[in-house]
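Q: Next input, structure requested:
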Amino acid sequence: MTRVCIADSFPIVTSGIQSYFQGNSKIEIVAKSNNLESLLRELNAKKIDVLILEIELDGLSSIRDIKSLLKDFPETKIILYTSVSEQMYAPIAIKAGVSAYVSKKAELKELESILIKVVEGTVVLSESIKKNIALLNKGKKADRLFKKLSTREIEVLRYLNDGKKNKEIAQILGLDEKTISTYKLRLLAKLNVTNLVDLLKKAKDLDVI
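A: You can find the predicted model right below:
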């Protein structure tokens, strides 16, 4: 029996997934968490084979937190189940060691199929993720640009796109506000623009966000 934990800030998501897998002969939902603190308690207290994790879980501020989970709980495989853009996050998530990246637009039947493959040791990539990685390797203009962006720059860009101010982003990522300003300046330079509106527009035009 594969032991699964679901970590999502919205109870309707965790309850929906738990209901779907109820009575499954191969998969058992043994834990649910709605923030990083409770997730860590569950991971420390129970043997979890697979963690179904929302990137925007309360308390989870960056890809570095996910790297820490993978390092501290090496026997637990992570499936990111999220609505955050694949183009923005999937390549760095897979590089960090995540076993699969699943859009919340996917049917739960697809999530089940991917979960089974992950348990078997497969790293599962959707066709769109495969396409994005292939494009990165071909080095097209947009993808060369994406490749130049660091993990932190991508995270800052994501929060800027969400309408958050420098101070808010600093609090979320646990950084100094001046550091966020520096990342913002780097983004402006790398995308060759002079203001936030043009930065976000160009990032969208190039499918970076």
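
Q: next SSE after the one helix or strand in the chain whose mean pLDDT sits lowest?
A: One helix or strand of the chain scores below all others by mean pLDDT, DSSP states H and E: helix 141-148, with a mean of 56. Counting by DSSP states H and E, the next helix or strand C-terminal to helix 141-148 is helix 151-161.

Q: ok, residue 7 - how many residues close by?
A: A total of 28 residues lie near residue 7 under the criterion other Cβ atoms under 10 Å. (Each C-beta comes from the backbone N, C-alpha and C, glycine too.)

Q: would you list every one of the helices in this structure?
A: Shown for the chain, the helices assigned by DSSP state H span residues 11-21, 36-45, 63-72, 86-96, 108-119, 127-138, 141-148, 151-161, 166-173, 177-190, 196-205.

Q: Specify the angle between the fifth one and helix 11-21 in degrees.
A: Between the axis of helix 108-119 and that of helix 11-21 there is an angle of 80 degrees, by axes from the mean of the first three to the mean of the last three Cα atoms, to 10 degrees.

Q: Residue 90 contacts residue 129, doesn't it?
A: Yes. Residue 90 is in contact with residue 129 according to Cβ atoms under 8 Å; the separation is 4.7 Å.

Q: For residue 46, grab phi and psi.
A: phi -130, psi 160 (degrees, to the nearest 10).

Q: Report the contact partners of residue 148.
A: residue 190 (Cβ atoms under 8 Å, 6 or more residues apart in numbering).

Q: Report the central residue of this protein.
A: Geometric centre of the chain, nearest residue: residue 55, 4.1 Å, by Cα atoms, centre = their mean.

Q: Kindly state the domain boundaries assigned to this protein.
A: 2-131, 139-205 (automatic domain parsing).

Q: Pull the distance from the shortest one to the chain's centre.
A: The gap between the average C-alpha position of domain 139-205 and the chain average comes to 17 Å, counting by Cα atoms, centre = their mean, to the nearest Å.
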